[in-house]
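Colleague: Predicted coordinates and the sequence they were generated for:
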Amino acid sequence: MTFLSNARRVAANFDFEQHIRTVCIMVCIVQKRDNGNLFAMKYVSRSACIGRGALGGVLKEVELLASLEHPFLVNLWFSFQDEEDLFMVCDLLAGGDLRYHLNHQVEFSEASVALLVCEIGSALDYLQKQRVVHRLVVKFD
């Protein structure tokens, strides 16, 4: 079986529900047909990656995500490719990220902040032990 026919077979297990975001990378909400679970499917144009010299970075992202397992990190469940695109099927985090919540909530309770600090600290500790540095862990106003 070729990688193309295998990719079509894997992709056939998902129904595309809704596009989340469009940049140079497309992210869609997909539903797994056999169990109804929702996931985020990130797909990247192979030609755009090659044209920008980013293919190596995308492949490293897939390799890294596949090697990590932690309750406060996004899990990679499936990855595959066809002739045009690379696909990554990850946990759907429908609640938004921390910046979203900071921008939309006037104030957090002390208990909420304590929980967030513990979760972020746990994830960062795990990443450090795995010898991973995340460049997007930055201070913002």
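Modeller: Good, I have the coordinates.

Colleague: what's the spacing between residue 96 and residue 102?
Modeller: Separation of residue 96 from residue 102 (CB to CB, to the nearest Å): 10 Å. Just so you know, the C-beta spots here come from the backbone N, C-alpha and C atoms, and that holds for glycine as well.

Colleague: Those two: who's more crowded?
Modeller: Using other CB atoms under 10 Å as the criterion, residue 96 and residue 102 rank with residue 102 on top: 13 against 10.

Colleague: so which strand or helix has that one?
Modeller: helix 98-104 (DSSP states H and E).

Colleague: before we move on, what about residue 107?
Modeller: Applying DSSP H and E, one finds residue 107 in no helix or strand.

Colleague: What residues sit buried inside the next helix-or-strand element following the helix holding residue 102?
Modeller: Following helix 98-104 in sequence order, the next helix or strand is helix 110-129 (DSSP H and E). Neighbour-count burial for helix 110-129, counted by 16 or more other CB atoms under 10 Å, picks out 123, 126-127.

Colleague: Outside of helix 110-129 itself, list whatever touches it.
Modeller: Applying CB atoms under 8 Å, 6 or more residues apart in numbering, the external contacts of helix 110-129 come out as 68, 70-73, 98, 108, 133-134, 137.

Colleague: Point to the residue nearest the middle of this protein.
Modeller: residue 90 (5.1 Å; CA atoms, centre = their mean).

Colleague: part of a strand, is that one?
Modeller: Yes - assigned with DSSP: H, G, I helix; E, B strand; the rest coil, residue 90 falls within a strand.

Colleague: Isn't it up against residue 74?
Modeller: Yes - between residue 90 and residue 74 there is a contact at 5.0 Å, judged by CB atoms under 8 Å.
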